[in-house]
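>>> Below are the sequence and a predicted model; questions follow.
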Amino acid sequence: MGSAGMAAGGTSLASVGLSAYADLLKGQSTATADEYQAARLDNAAVYGELKAKQTSGQMSRSLNTTLGNIEAVRAAAKADPLSPTGQAVLQNQEDIGDEQRGIVVNSILQQARQDRSDAAYYRDAAGNALTMGYVSAGADVLKGVTPLFKGL
């Protein structure tokens, strides 16, 4: 191989090395971005679970206040606190409050579960991005060195 051929081969090998390195960096940066997104979603899930607990507590207190107000109005009207009608009114109001709390809290928890699921997806994508970076770098190297062996 003459000096021009060696220079071309050297340039080609340098190009192969840089291309492989660029593919590795691309895979690593994509993986880092995916890991960051996964961490953000994990945090969102934690805050969502906390919000669900806080909302449940607040709605329970509100329901208790409502039931207490109903009992106070009935007591002021000198209604029998053990009457079946009074108990039915209280039970109906409690059922409505429990249903509303369940709907709101479950909606918040479902979003938190979705955030956790999305975080798992991003973590998996990060692993795939690293793998693809290594595979692409390996392919670059093979593509670059294969012509060197054709002349042998």
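Structure's in. What do you need? Residues are numbered from 1 along each chain as shown.
>>> and the helix or strand hosting residue 12, what's its mean pLDDT?
Element membership for residue 12, per DSSP states H and E: helix 3-76. Confidence for helix 3-76, expressed as mean pLDDT, is 88.
>>> repeat for stretch 134-149
83.
>>> Which positions in it come out as buried?
136, 137, 140, 141, 144 (16 or more other Cβ atoms under 10 Å). Every C-beta, even on glycine, is put in place using the N, C-alpha and C of the backbone.
>>> my guess is the last one meets residue 14, correct?
No: taking Cβ atoms under 8 Å as the definition, residue 144 is not a contact partner of residue 14, at 9.5 Å.
>>> hmm, back to that, out of the buried residues of stretch 134-149, who's nearest residue 103?
For the buried residues of stretch 134-149, the closest approach to residue 103 (Cβ to Cβ) belongs to residue 136, at 48.3 Å.
>>> how about the nearest residue to that closest one, chain neighbours excluded?
Nearest non-adjacent residue to residue 136, counting by Cβ to Cβ, 6 or more residues apart in numbering: residue 23, 3.8 Å away.
>>> can you tell me how far residue 128 sits from residue 31?
Applying Cβ to Cβ, to the nearest Å, the value for residue 128 to residue 31 is 8 Å.
>>> More neighbours: these two, which one.
Between residue 128 and residue 31, counting by other Cβ atoms under 10 Å, residue 31 is the more crowded of the two (21 against 14).
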